[in-house]
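Visitor: 3D, please:
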Amino acid sequence: MTTTFTFTTTTTRFDEDYAPAEGTRATTNFANLARGDDRRENLRNALTMIDRRFNDLARWDNPDGDRYTVELEIVSVGLRFAAEGEDREFPLLEVLDVFIVDRRTGERHHGIVGNNFSSYIRDYDFSIALPAATEAAGRFTVPEDFGVLHGRLFQEFVDSAAFEERFAAAPVICISVSTSKTYRRTGNHHPVLGVEYRQDEPSLTDAYFGKMGLQARYFLPPGAKAPLAFYFRGDLLAGYSNLQLIGTISTMETFQKIYRPEIYNANSAAADVYRPTLDQQDYSRTLIAYDRDERSRLAVVQGAFAEEHLMRPHGAELQRWAAAHPAPVG
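Guide: Below is the predicted model of the structure:
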């Protein structure tokens with residue numbers, strides 16, 4: 001079966017002048033910061049937090065704690081279908097790409113792409129398909145093909161020439177730990193990622209990212225309050241430089257502090273046995289406002305958008321493509 005679509009990629013600088021593009025999901029974490037009267041201050045504060053955390057972790061040969069600055073680009077990936085029509089193009093995903101600038105040497109290092117991973121199809125799966133299956137069954141039910149198409153499209157993009165030409169390393173998606181799981185501290189320690197934690201059992205998110213060809217590990221970086229969940233291909237510990245790992249940690253820990261301060265800006269660090277919760281009050285707020293309730297409401301709207309503009313006009317065609325192109329093994 002011939003592939004009936006191609007990938008398109010565009011990049012946008014994420015700085016204090018950033019304004020979301022028309023096709024950007026409204027709930028994308030970086031887009032949330034760029035709205036309202038305080039948008040420029042929000043963006044400036046977030047970028048300052050990232051730089052400070054980066055230099056805090058990259059202490060070697062950095063006596064003044066200001067050697068590095070982080071530059072971010074938004075990578076927007078689209079699907080372009082061969083057939084002409086109103087819904088010929090669809091926004092597949094958006095992620096942040098990281099660049100680390102060494103102020104001493106002037107060098108610009110490419111970090112790891114994958115930060116703040118955002119996807120309309122994921123909105124459809126979790127906000128439309130999953131509730132529909134649960135309602136039909138009368139109990140919580142995960143559809144048999146849940147996440148399969150999303151996972152195949154993600155892997156197809158990562159294995160494409162479009163990805164290889166732009167990115168030097170496989171993506172790493174870093175998100176919050178689950179509030180429904182328990183995490184236990186291990187004896188494994190990495191100089192940058194920190195102390196490893198193990199989850200009591202896989203989550204629905206783990207299974208979903210697994211269909212994207214990604215495995216999960218959980219680390220509490222030095223000075224952090226809670227572990228971060230890292231989803232990756234290959235070898236997380238050996239496959240990236242220290243600066244690359246610090247770029248991902250400093251970027252994603254900053255966003256987690258903004259929209260999950262109860263966990264990532266808590267006044268005490270995670271215990272050896274850790275159960276994340278959003279109900280505790282012992283935490284500090286950042287100077288950046290974030291509306292989690294709006295984010296939940298808009299996820300349903302965005303899922304409906306994917307249903308109307310992707311699944312209805314192209315769903316059957318994409319399912320046939322996915323069946324003819326099973327996920328690579330290993």
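Visitor: my guess is Arg40 contacts Tyr18, does it?
Guide: No: the pair Arg40 / Tyr18 is not scored as a contact, 9.3 Å apart, by C-beta atoms under 8 Å. All C-beta spots, glycine's among them, are computed from the backbone N, C-alpha and C.
Visitor: Those two: which is more packed in?
Guide: Counted by other C-beta atoms under 10 Å, Arg40 and Tyr18 do not tie: Tyr18 has more neighbours, with 19 against 15.
Visitor: do you know how far that one is from Arg260?
Guide: Per C-beta to C-beta, to the nearest Å, Tyr18 is found 22 Å from Arg260.
Visitor: Could you do Glu135 as well?
Guide: Using C-beta to C-beta, Glu135 is found at 29 Å from Arg260.
Visitor: Which one's more surrounded, the two?
Guide: Taking Glu135 and Arg260 together and counting by other C-beta under 10 Å, Arg260 has the greater number of neighbours (21 against 10).
Visitor: May I have the predicted confidence score for that one?
Guide: Note for Arg260: predicted pLDDT of 92.
Visitor: backbone phi and psi for it, please?
Guide: Geometry field for Arg260 lists phi and psi as phi -140, psi 60, criterion degrees, to the nearest 10.
Visitor: Test my guess that it contacts Leu278.
Guide: Yes: using C-beta under 8 Å, Arg260 is in contact with Leu278, at 7.0 Å.
Visitor: any low-confidence regions in the protein?
Guide: Applying pLDDT under 70 to the chain flags residues 1-3, 21-30, 85, 290-296, 328-330.
Visitor: The nearest residue to Phe117 once chain neighbours are set aside bridge partners, please.
Guide: Sequence neighbours aside, Ile173 is the residue nearest to Phe117 in space, at 4.6 Å (criterion: C-beta to C-beta, 6 or more residues apart in numbering). With DSSP bridges as the criterion, the beta-bridge partners of Ile173 are Tyr231.
Visitor: quick one: contacts for Ile173?
Guide: Under the criterion of C-beta atoms under 8 Å, 6 or more residues apart in numbering, the contact list for Ile173 reads Val95, Gly114, Asn115, Phe117, Phe209, Leu214, Phe230, Tyr231, Phe232.
Visitor: Quick check: the third one vs Ala266, distance?
Guide: Just to be clear, that refers to Asn115. Asn115 sits at a distance of 22 Å from Ala266 (criterion: C-beta to C-beta).
Visitor: how about the strands in the protein?
Guide: Chain-ordered strands for the chain, with DSSP state E as the definition, fall at 5-14, 68-81, 89-102, 108-110, 115-119, 172-176, 183-190, 194-199, 215-220, 228-232, 273-274.
Visitor: so which of those comes closest to Ala161?
Guide: Ranking the strands of the chain by their distance to Ala161 (criterion: C-beta to C-beta) puts strand 5-14 first, at 9.1 Å.
Visitor: Now find how far off-centre that closest one is within its chain.
Guide: 16 Å (C-alpha atoms, centre = their mean, to the nearest Å).
Visitor: Just list what that strand packs against, helices and strands only.
Guide: Helices and strands touching strand 5-14, by 3 or more C-beta pairs under 8 Å, 6 or more residues apart in numbering; DSSP states H and E, are strand 68-81, strand 89-102, helix 161-166.
Visitor: ok, now which ones touch the closest residue to Gln256 other than its chain neighbours?
Guide: Computed as C-beta to C-beta, 6+ apart, the closest residue to Gln256 that is not its neighbour in sequence is Tyr264, at 4.0 Å. Residues in contact with Tyr264 (C-beta under 8 Å, 6+ apart) are Ser176, Ala224, Lys225, Ala226, Glu253, Gln256, Lys257.
Visitor: Put together a markdown table for the residues you listed, with neighbour count and distance to Glu307 on each row.
Guide: Formatted as a markdown table, the entries for the contacts of Tyr264 read as follows, by neighbours: other C-beta atoms under 10 Å; distance: C-beta to C-beta, whole Å:
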| residue | neighbour count | distance to Glu307 |
| --- | --- | --- |
| Ser176 | 19 | 26 |
| Ala224 | 21 | 38 |
| Lys225 | 21 | 38 |
| Ala226 | 24 | 34 |
| Glu253 | 24 | 34 |
| Gln256 | 22 | 29 |
| Lys257 | 24 | 33 |
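Visitor: give me the number of residues near the closest residue to Ala170 other than its chain neighbours?
Guide: Nearest-residue entry for Ala170: Arg233, 4.4 Å, with adjacent residues in sequence omitted and distances by C-beta to C-beta, 6+ apart. Each residue near Arg233 was counted by other C-beta under 10 Å, and the total is 16.
Visitor: who are the neighbours in contact with Arg233?
Guide: Residues touching Arg233, when contacts are defined by C-beta under 8 Å, 6+ apart, comprise Val158, Ala170, Pro171, Gly213, Leu214, Gln215.
Visitor: For ChimeraX, what selects the buried ones among these?
Guide: Typed into ChimeraX, the line below selects the buried ones among the contacts of Arg233, using 16 or more other C-beta atoms under 10 Å:
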select :158,170,171,213,214
